[in-house]
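Peer 1: With the input below, show me the fold.
(one chain, ligands or ions: 2)
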Amino acid sequence: MIRFATPAEFNAALRDLPMPDAAARDAAAARQAQLTKPAGSLGRLEDIALFMAGWQGSVCPTVDRIAAVVFAGNHGCAARRVSAFPTEVTAQMVANFHDGGAAINALARACGASLAVVALDLNRPTGDIARGPAMSEADCLAALNAGAASLPDDCQLFLPGEMGIGNTTPAAALCAASFGGNAADWVGKGTGIDAAALVRKRQVVDDALARHRDDCGTAFETLRRLGGREIAAMSGAMLAARHRRIPVLIDGFIACAAMAPMARFAPAITGHCLAAHRSGEGAHGRLLDALGFDPLLALDMRLGEGSGAAVAAQIVRSALAAHGGMATFEEATVAGSP
Ligand SMILES: Cc1cc2ncn([C@H]3O[C@H](COP(=O)(O)O)[C@@H](O)[C@H]3O)c2cc1C
Ligand SMILES: O=C(O)c1cccnc1
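Peer 2: Numbers count the residues shown, from 1 in each chain. Ligands and ions are numbered 1, 2, ... in the order given. As a prediction, this is how the structure comes out:
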């Protein structure tokens, strides 16, 4: 199991990324060319099947074991009233996840995913990013490692999710530090804030950028200064997944923001990931573009929790069902192209 003992080890793990199995991908492409359909007629389902073949190292990849993990954390900057909801909701929603009543519970059940919940020090919010770093080195490493340790052993597709009142604020700051621009480019309405809260939220992000931007020289330092525990946990989990060649479906704005500092310093990190959807959060389209993702869905969801990833997992299942389950022209004695 991968573990990051120091910030340098985390940054180094980003430089040494395994690549997909090109031979398995080529074999899957050759099979696809034989299936009883016009070439390319299953569109992006065909791309998904090849993506999964490469990462699973198999001509007919399968996706029987899907794992969703929701990471939860609290944020110092939430005291600045940047969310439409109070911070107690984070812990209350964790209880709801355990009781099976949240959207991700229902959507994970629907796509056949297991669901685990990792609550990270909810009674100890991060530091206010407008005034100082979100986390100490030790706190940030602990969060990264909690994420890396959360991946089940035998998982074939990983769906990281998050819950943390206020977390679209650090997410916006991470985007600006990683890809440029300021609060006006990256701050959106989150849970549905009013105009006054939007002004406060932009101020927090601009203050945080003024304070930290020049010190964001590595992925670790960017996450430590501007992130949050559940965000760093998603980063650690997605990086650990790469080292185990487990493909990832990335959810909405916050999950993509967890990828942003890693992608800034190691653009190849996105290679084992598909973007599940474009969420309703205003800047998510811009973030997807910056990461080089073309999302599978656009359903105006803006929830988080991994909910969009769980919906998109059904598309991955369909892609592999077609790829593995269809007959070839020869098997079905259907005439191929002349
Ligand atoms: C009941 C409830 C359930 C949620 N599940 C996800 N979020 C989402 O909303 C939060 C981010 O928005 P903001 O930055 O505006 O606080 C995160 O917790 C995110 O996961 C929820 C929010 C609420 C209120
Ligand atoms: O895009 C998301 O995942 C999102 C947007 C708003 C609030 N919570 C999550």
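
Peer 1: wait, isn't residue 239 in contact with residue 13?
Peer 2: Yes - with contacts counted by CB atoms under 8 Å, residue 239 reaches residue 13, the gap being 5.8 Å. Where C-beta positions appear, they are placed from N, C-alpha and C, glycine not excepted.

Peer 1: So for these two, which residues contact both of them?
Peer 2: residue 2 (CB atoms under 8 Å, 6 or more residues apart in numbering).

Peer 1: Neighbour count: the two, which is higher?
Peer 2: residue 239 (26 against 23; other CB atoms under 10 Å).

Peer 1: which residues touch residue 70?
Peer 2: Applying CB under 8 Å, 6+ apart, the residues contacting residue 70 are 97, 104, 115-118, 161-163, 305-306.

Peer 1: Hmm, I typed the wrong one, I wanted residue 237.
Peer 2: So residue 237 contacts 69, 71, 147-148, 150-151, 158, 160 (CB under 8 Å, 6+ apart).

Peer 1: What parts of the chain come near ligand 2?
Peer 2: 168, 190-191, 251-254, 279, 281, 284, 302-304 (CB under 6 Å from any ligand atom).

Peer 1: Point out the ones among those that are inside strands.
Peer 2: In strands, judged by DSSP state E, none of the residues of the chain next to ligand 2 are found.

Peer 1: export the residues you listed to CSV and tack on pLDDT?
Peer 2: Below are the residues of the chain next to ligand 2 laid out as CSV (pLDDT from 0 to 100):
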residue, pLDDT
168, 99
190, 98
191, 98
251, 98
252, 98
253, 99
254, 99
279, 98
281, 98
284, 99
302, 98
303, 98
304, 98
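
Peer 1: For ligand 2, state which of the residues you listed is nearest.
Peer 2: Taking CB to the nearest ligand atom as the measure, ligand 2 lies nearest residue 252 of the residues of the chain next to ligand 2, at 2.2 Å.

Peer 1: For the nearest residue to that closest one once chain neighbours are set aside, give me its contacts.
Peer 2: Spatial nearest neighbour of residue 252, chain neighbours left out: residue 279 (3.6 Å); criterion: CB to CB, 6 or more residues apart in numbering. Counting by CB under 8 Å, 6+ apart, residue 279 touches 251-253, 300-303, 308.

Peer 1: and residue 45, how far is that from residue 247?
Peer 2: Here the criterion is CB to CB, to the nearest Å. By it, residue 45 lies 15 Å from residue 247.

Peer 1: the more surrounded of those two?
Peer 2: Neighbours per residue (other CB under 10 Å) separate residue 45 from residue 247, with residue 247 holding more: 24 against 18.

Peer 1: wait, doesn't that one sit right on residue 155?
Peer 2: No - Residue 247 is not in contact with residue 155 according to CB under 8 Å; the separation is 9.6 Å.

Peer 1: Which parts of the stretch 101-250 of the chain are helices?
Peer 2: 103-111, 137-149, 168-179, 183-186, 195-212, 219-226, 229-243 (DSSP state H, counting those that start in this stretch).

Peer 1: any chance of the ones you listed in JSON lines, with distance to residue 315 too?
Peer 2: Below are these laid out as JSON lines (distance: least, CB to CB, whole Å):
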{"stretch": "helix 103-111", "distance to residue 315": "10"}
{"stretch": "helix 137-149", "distance to residue 315": "25"}
{"stretch": "helix 168-179", "distance to residue 315": "24"}
{"stretch": "helix 183-186", "distance to residue 315": "28"}
{"stretch": "helix 195-212", "distance to residue 315": "33"}
{"stretch": "helix 219-226", "distance to residue 315": "29"}
{"stretch": "helix 229-243", "distance to residue 315": "19"}
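
Peer 1: what's the closest of these to residue 87?
Peer 2: Of all the helices of the stretch 101-250 of the chain, helix 168-179 sits nearest to residue 87, with 12.2 Å by CB to CB.

Peer 1: Indicate whether the closest one makes contact with ligand 1.
Peer 2: Yes - using CB under 6 Å from any ligand atom, helix 168-179 reaches ligand 1 at 168-169.

Peer 1: Report the angle between the helix or strand that contains residue 261 and helix 219-226.
Peer 2: Counting by DSSP states H and E, the element that carries residue 261 is helix 253-265. Angle, helix 253-265 to helix 219-226, by axes from the mean of the first three to the mean of the last three CA atoms, to 10 degrees: 140 degrees.

Peer 1: Since that was my last question, I'll sign off now.
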